[in-house]
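Novice: quick one, what's the 3D model for this:
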Amino acid sequence: MRVELIRTEGYGREAEIEVDGVRLRVVDAVSEPGEAATPGRIDAPIFTAVIVAPASWAQAVAENPDRVKRLEPRFGWRHRGLGEITSVSPLRADLGVLDLELSLPADPAREPGDFVALEIDRIRMARPRPPKGRV
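Specialist: Next up, the predicted model:
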C-alpha cells in the first residue's frame, strides 16, 4: 500500500492523503503537536476507524447487496464504507483501499465473508510505534 500525505491542518485535524491513487480525508495523528508533517510518502501508517453503529447488522448487510468494496467520501473526514467482513475478533472489514478494524461490537450472526455498508465517522492515520526499548 502506497500512502502519500497531500496536505494537513496539523495533529488531530484534517489531512488529505492518497492511498494507492484514492484520495481520502482522515484525522492526522502523523504530525507532531504544534508542527504539521511535511507532505510526502508515509511508510507503514496505522489506520483506525470510528464507526457509527448501524441501526442493525441486518440493515448493514442489506445495504450492500452488490458486494462492493470501496470508501465513499461524505463530508469532511466522514465516509461510507462498503466491504467484506474479514475478521470478527477483532472486527475488521476490507473496504477496498483499506482493511480497517471497526470500533463496533461484533454481531455473533456475522462472519467473515459477509458484505456490509457502514457509516464511518472518522479514519485516524498514525505512524507505527517503535518497539519497546527502542527510540
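
Novice: list of residues touching stretch 74-93?
Specialist: Residues outside stretch 74-93 that contact it (CB atoms under 8 Å, 6 or more residues apart in numbering): 14, 24-27, 49, 51, 64, 67-73, 94-96, 99-102, 104-106, 110-123. To be clear about C-beta, it is placed using only N, CA and C from the backbone, and glycine gets the same treatment.

Novice: the residue nearest to residue 49 when sequence neighbours are not counted in helix, strand or coil?
Specialist: Closest residue in space to residue 49, ignoring its immediate chain neighbours: residue 100 at 4.5 Å, by CB to CB, 6 or more residues apart in numbering. Counting by DSSP: H, G, I helix; E, B strand; the rest coil, the backbone at residue 100 sits in strand.

Novice: measure residue 100 to residue 11 for me?
Specialist: Distance of residue 100 to residue 11, computed by CB to CB, to the nearest Å: 21 Å.

Novice: go on, residue 127?
Specialist: Using CB to CB, residue 127 is found at 11 Å from residue 11.

Novice: out of the two, which sits in the more crowded spot?
Specialist: Counted by other CB atoms under 10 Å, residue 127 and residue 11 do not tie: residue 11 has more neighbours, with 17 against 14.

Novice: ok, back up a step: which ones among the contacts of stretch 74-93 map onto strands?
Specialist: 14, 24-27, 49, 51, 70-73, 94, 99-101, 115-123 (DSSP state E).
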